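Asks: give me a model of this one.
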Amino acid sequence: MADVLIIGGGPVGLFMAALLLQEGVEVQVLEQRSAPEPHSRAIGIHPPALEALSRAGVGETLVAEGVQIRRGIALARGRTVATMSFAGVSDRFPFVLSLPQGRTEALLEQRVNELDGGAVHRTVRVTGLSDDGVRVTVEAASPGGALRYTAPLVIAADGVRSTVRSVQGIALRTKDHPDSYLMGDFADGTGFGPDAALFLAGAGIVESFPLPGRLRRWVVRLGPGDFIGRELAARDPAAGDRDGDARWLMQCVRDRTGFEIDAGTNSMLSSFGVRTRLVRRMAAGRVVMIGDAAHEVSPIGGQGMNLGWLDAADLAPIMTAAARGHDVADRLRTFELARLRAAAKAARRAEINMALGRPLADGLLAARNRAIGGVAAVPAMNSLIARRFTMH
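Replies: Predicted structure coming up:
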């Protein structure tokens, strides 16, 4: 038994737990994985999320381990078309932090364990849920057998394939996009240092971001003829011809950017399609959904994990009040409307980013690149775009 059950021990669920534990709310986190995410996956942490993470006592720790991206550069055929500085987006965090998700999760779990060493329950898979209007009962399975947890309140942070959302029968607004991407992490030999780079190639955009340990992530947009990328998307990324896929990505980066990367240094390789999933309601009875369980948006722009953290930051004081016996129905409705509006806005931003990165013929490509350069040359517009990019 606990004041609040949190379903999902990823970055959003762990952050939620830390916020509540700090306020004296008894929390149990149920996570089906046996250990934190081992791969880099999501890497970008935006300034508003860093502000929120600092309130949970982890912001400075994350900053100390990550790479501070203070500038982005757009290039076309080896020439700099535009630059964008993040200096004006935040007094405290004038940068986007790059840190692999695996390390972010580990540091968040460390903070939760500092607050309550028994809060996180791993290898626990939720199988059912019932709400009698007073308490919520969660049925689960573990290597030791069936389990039952009860609490007055449940927060579902169990990701895009949310079991809680499915059991609750929450309807989704869905939209599928034709775009797909391949990304990989390699040793960094570019000379860009902590800068992010955007290559405006006619065959499709290429993005490049620094990572700790002198690594760099490369993200390429796939075309209909990119067979290897499609094959990678259709199978377990850990299986198949991983070396061949890394070499294909190396060749694609060389063709579109002129930069050489060493396929032998690849430490992560993954492909992803793009879709938007927004729940029609985040609160259902005594259950509230946050993060990817409530809204899935394109990974382009790195907004998804950050949206989940901002959900948690807004929800924490409401759940604290509810755990202390206060009526929070009106506050929950306000929360739900605000966070669904934020998710819809993030989805629109992602769609714009994707549209700018689609393949173009030479004439249209030149016009697009001139337009990007012209807009970036106007200080007010440059500043506005920087703020939008960093989720302000």
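
Asks: not counting sequence-adjacent ones, nearest residue to residue 382?
Replies: Nearest non-adjacent residue to residue 382, counting by C-beta to C-beta, 6 or more residues apart in numbering: residue 376, 5.2 Å away. Just so you know, the C-beta spots here come from the backbone N, C-alpha and C atoms, and that holds for glycine as well.

Asks: which residues in the stretch 251-392 of the chain form strands?
Replies: Per DSSP state E, counting those that start in this stretch, the stretch 251-392 of the chain carries strands over the ranges 268-279, 283-284, 287-289, 295-296.

Asks: now render the ones you listed as a markdown table, adding distance to residue 316.
Replies: Shown next, in a markdown table, are those (distance: least, C-beta to C-beta, whole Å):
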| stretch | distance to residue 316 |
| --- | --- |
| strand 268-279 | 19 |
| strand 283-284 | 14 |
| strand 287-289 | 11 |
| strand 295-296 | 18 |
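
Asks: helices and strands around the lengthiest helix in the chain, which ones?
Replies: What stands out as the longest helix in the chain, according to DSSP state H, is helix 329-356. With contacts defined as 3 or more C-beta pairs under 8 Å, 6 or more residues apart in numbering; DSSP states H and E, helix 329-356 has these neighbours: strand 172-187, strand 268-279, strand 283-284, strand 295-296, helix 304-323.

Asks: my guess is residue 209 contacts residue 72. True?
Replies: No. Residue 209 is beyond contact range of residue 72, at 9.3 Å (criterion: C-beta atoms under 8 Å).

Asks: identify the contacts common to these two.
Replies: Applying C-beta atoms under 8 Å, 6 or more residues apart in numbering, one finds that residue 209 and residue 72 are jointly contacted by residue 196.

Asks: quick one: which of the two has more around it?
Replies: Per other C-beta atoms under 10 Å, whichever of residue 209 and residue 72 has more neighbours is residue 209, with 26 against 21.

Asks: next helix or strand past the helix or strand where the more buried one lies?
Replies: Secondary-structure element containing residue 209, defined by DSSP states H and E: strand 206-211. Toward the C-terminus, strand 206-211 is succeeded by strand 215-221 as the next helix or strand (DSSP H and E).

Asks: got the angle between that following strand and strand 206-211?
Replies: Counting by axes from the mean of the first three to the mean of the last three C-alpha atoms, to 10 degrees, strand 215-221 lies at 160 degrees to strand 206-211.

Asks: rewinding a little: and the longest helix of the chain, which residues are buried?
Replies: Within helix 329-356, the residues scored as buried using 16 or more other C-beta atoms under 10 Å are 331-332, 335-336, 339-340, 342-343, 346-347, 349-351, 353-354, 356.

Asks: nearest to residue 221 among those residues?
Replies: Proximity of the buried residues of helix 329-356 to residue 221 (C-beta to C-beta) peaks at residue 354, which lies at 8.2 Å.

Asks: all the helices of the stretch 1-150 of the chain, in order from the start?
Replies: All helices of the stretch 1-150 of the chain, identified by DSSP state H, counting those that start in this stretch, fall at 11-22, 47-55, 59-65, 101-115.

Asks: and among those, the most buried is which?
Replies: The highest mean neighbour count among the helices of the stretch 1-150 of the chain, using mean count of other C-beta atoms under 10 Å, belongs to helix 11-22: a mean of 28.

Asks: using CSV, write out every CA atom in it.
Replies: Output of helix 11-22 as CSV, limited to C-alpha atoms (Å, rounded to 0.1, in the frame of the first residue of the first chain):
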residue,chain,number,x,y,z
PRO,A,11,12.7,8.9,-16.7
VAL,A,12,9.2,10.4,-16.3
GLY,A,13,8.0,7.9,-13.6
LEU,A,14,11.2,8.2,-11.6
PHE,A,15,11.1,12.0,-11.7
MET,A,16,7.5,11.9,-10.6
ALA,A,17,8.5,9.7,-7.7
ALA,A,18,11.3,12.0,-6.6
LEU,A,19,9.0,15.1,-6.6
LEU,A,20,6.4,13.3,-4.5
LEU,A,21,8.8,11.7,-2.1
GLN,A,22,10.4,15.1,-1.4
